Every structure is written in C-alpha cells, then in structure tokens.
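Sequence and predicted structure below; questions after.
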Amino acid sequence: MSFQIKFHQIRAFVEVARHGSIRGASRTLGVSQPALTKSIRELETGMGAQLFVRRSQGVALTVCGDSFFQHACLILEELRAARESIAQTLGEFRGQVNIGLGASISRSLMPTAIANFQRQHPEVKVRIVEGQLVSMIDELRQGKLDFTINTWYRGPWEREFSFEKLLEKRFAIFARPDHPAIDARHLSQLGACRWAMPSPQGSYFRQMEEFFQRHDIQPDIGVVCETFTSSINLAARSDYLTVLPEDMGQDIQHRGLLKRVKIQELLPMAGYYLIQRRDTPPTPLTALLISHFRRLCAFQEPTIPFSEPGECVTH
C-alpha cells in the first residue's frame, strides 16, 4: 500500500524548513519538539528519502528535501486559497490578497487601485511585494503571490504562467541637470558616458541590450541597480546616466534632481503584463483587485509628452 502523506506532516516539514530548526517550528506551530520530530521521521520513512541533514545548529534541506519543499509550500498555499475562495463565494469577504508589482506600477497605479479595492472590502488585507519579475518567480510558483504586474521578456516561463498585456510605458534616459552630456541629442554622443542600468536579470534590460546593439553602442555599465530608488539617487549625485520610465518624471517628490536627456532615438516601450499561474484560478477577491488594475490600465496613455526645453524632469 502506498504511503499517504498527512496534512500535519506537510505543515511540520514546511515550518521546520523555514525555521531551520525543530525548536523554531515548535514555537510557531504550538507543537512539542518530540511530536514534530516524529512527524518528520514518519514523512521521511514513508517517502523513502532523507529530507533534512541534522546539524549542531539545526537542520538543512537535502536535495530531495529542497524539491519537496517547493511542492509542500504550494500545497499549503493552495489549501489556503481554496478555503478563502469558498468563503468568498459564500459571501464572507475576508482573507488576504498577495500581489507583486514592478516599481513603476507601484508608484503610479497601485495607490488608486488599492484604495478603491479597500473602500469596497476594508476588512481584506493586501500584501504588496515590489520588484522585478525574476525576483517573484518562486513566490508565484509556490502560491505565495496571487499575481504580479510586471515587465516581461520571452523566456522559460510561458508554460507555467499566463501573460496578459495591460499597458506599455516609454522609458527615457535621465541625468542630473548639470551633467556634461545633458544637451546630447543623439545616442552616439553618450558612448563615453557611464551608466547605472536595471538588473541584467530584468526583462527591460534585455530590451535595452538589443537597443544598444542596433545602434552599435557598447555602454560602459558601471553599476547595476535592482531598484529605481538606487538609480535615481546615483544619477542625481554623480555623472552616471540611468534609464527610467518617463512617467516617473512626474513624481514631484524628486523635482529638480534629474532631467531627461532628449536624444532623438526613442528607447523601447516596456510592456507591463498581468502574470498568474496557469493552473490556479484567482479567488473572487483576487479577481476583483485585478479588475481594478485592468480598469486603470485601460485609461493610461502609452507615452508621456516630452518635457519642454529647460524643464527638469523629476522622479
């Protein structure tokens, strides 16, 4: 007879893996350490594989344990989502929606979308993770994120996730107002400059690589920035050029720090996509929040008018 994994064994395994110790998991679950140890041993015996390596300072996952951890987390998240979906279908609008957003979406559409959503359902919690798609893949896989709105470049994830294009944003080159190359009008005039660029793991970076190649430019990328905040601060206080969404230039908070370098060549448009797991339908509340983002995206202009000569563009 095949081994039947029990729910409490999965919970025990996941918490021990997350804490790296039986003691930490015991406190979180309110279960005695001997009981947790017994659950883990039963699980390992039943699966015929060692899941943890015991160490003096706790435990660590084996290769088999790491593989099982991905599935176990997804099982727990799926059960949570299933419970919440049933409760929401029955009219009990409680629970939590977990979303990932690219920084530009977080700064532009997110405040209105979340405010509108919570006016309807103030008792629902929303967790927001900000970053690039590549940093969110594992949480999407494990069900810890219900969806993300982010840039996307064709890669290895098409079979796992669905991609719905919501809007496009134009990017542009920015520098401090007194940068030596601020009056450049062609990309070729920026060949000797140093650049602070988005992470090479990000989808828009790949579009920029192709853009530079088409114009026979090999930029000197001295710094790679994981966040727009890093890019803004570095460009505002040094001679680095950076690449940012044009609409971030409307953010009054940083007025006067940066100015757009108005070269004639247009940078690639960045497509922003609603990205979800293919095999899991959204809960009613998740679908409602998605509808708020869709509605706002429908009214977004694909480009932002260029600044007038001499006007500082801010972030």
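Now that the structure is in, tell me what you want to look at. Numbering: from 1, shown residues only.

Which parts of the stretch 101-250 of the chain are helices?
With helices called from DSSP state H, counting those that start in this stretch, the stretch 101-250 of the chain shows them at 103-108, 110-120, 137-141, 203-214, 228-236.

tell me what the last one is packed against?
With contacts taken as 3 or more CB pairs under 8 Å, 6 or more residues apart in numbering; DSSP states H and E, helix 228-236 sits against helix 103-108, strand 194-198, strand 220-225, strand 241-245. Where you see a C-beta, it was placed from the backbone N, CA and C, and this is true even at glycine.

of the helices of the stretch 101-250 of the chain, which approaches G46 most closely?
The minimum distance between G46 and the helices of the stretch 101-250 of the chain falls on helix 137-141, with 24.5 Å, by CB to CB.

buried stuff in the closest one?
Applying a neighbour-count criterion of 16 or more other CB atoms under 10 Å, the buried positions in helix 137-141 are 137, 139-141.

what separates W195 from S188, distance-wise?
Here W195 is placed at a distance of 15 Å from S188 (CB to CB, to the nearest Å).

These two: which is more packed in?
Using other CB atoms under 10 Å as the criterion, W195 and S188 rank with W195 on top: 21 against 12.

Surely that one touches V224?
No. Look at W195 against V224 with CB atoms under 8 Å: they stay out of range, at 9.5 Å.

hmm, back to that, ranking the helices and strands packed on helix 228-236 by mean neighbour count, which comes first?
Looking across these with neighbours counted as mean count of other CB atoms under 10 Å, the highest average goes to strand 241-245: a mean of 25.

What pairs with it, parallel or antiparallel?
Next to strand 241-245 in the sheet, as set by DSSP bridges, lie strand 161-175 (antiparallel), strand 194-198 (parallel).

and T229, how far is that from N150?
For T229, the distance to N150 - CB to CB - is 17 Å.

Tell me which of the two has more neighbours.
With neighbours defined as other CB under 10 Å, T229 and N150 compare such that N150 has more, 28 against 12.

Could you check how far that one is from S106?
Distance, N150 to S106, using CB to CB: 10 Å.

picking up where we left off before, could you redo the helices of the stretch 101-250 of the chain as TSV and give each row mean pLDDT and distance to H71?
Below are the helices of the stretch 101-250 of the chain laid out as TSV (pLDDT from 0 to 100; distance: least, CB to CB, whole Å):
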stretch	mean pLDDT	distance to H71
helix 103-108	88	30
helix 110-120	94	31
helix 137-141	88	10
helix 203-214	85	27
helix 228-236	86	35
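
Out of those, the one nearest G131 is which?
Smallest distance to G131 across the helices of the stretch 101-250 of the chain (CB to CB): 7.5 Å, for helix 103-108.

Mind giving me the packing neighbours of that closest one?
Against helix 103-108 (3+ CB pairs under 8 Å, 6+ apart) you get strand 125-130, helix 228-236.

Low-confidence ranges, the stretch 151-300 of the chain, go.
155, 199-202, 249-255 (pLDDT under 70).

hmm, back to that, can I get the helices and strands packed on helix 103-108 in JSON lines with distance to C64?
Listed next are those as JSON lines, based on distance: least, CB to CB, whole Å:
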{"stretch": "strand 125-130", "distance to C64": "29"}
{"stretch": "helix 228-236", "distance to C64": "38"}
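
can you pull the alpha-carbon coordinates of stretch 7-19 into CSV?
C-alpha atoms of stretch 7-19 as CSV (Å, rounded to 0.1, in the frame of the first residue of the first chain):
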residue,chain,number,x,y,z
PHE,A,7,-1.6,17.3,6.3
HIS,A,8,0.2,17.7,9.7
GLN,A,9,3.3,16.2,8.3
ILE,A,10,3.4,18.7,5.5
ARG,A,11,2.9,21.6,7.9
ALA,A,12,5.6,20.2,10.2
PHE,A,13,8.0,19.8,7.3
VAL,A,14,7.5,23.3,5.9
GLU,A,15,7.8,25.1,9.2
VAL,A,16,11.0,23.1,10.1
ALA,A,17,12.5,24.0,6.7
ARG,A,18,11.6,27.7,7.1
HIS,A,19,13.0,28.0,10.6
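
Give me the buried positions along that stretch.
For stretch 7-19, burial by neighbour count (16+ other CB under 10 Å) applies to 9-17, 19.

That stretch - what's its average pLDDT?
Taken as a whole, stretch 7-19 carries a mean pLDDT of 88.

Only the buried residues of stretch 55-67, if you could.
Buried residues in stretch 55-67, counted by 16+ other CB under 10 Å: 58-59, 61, 65.
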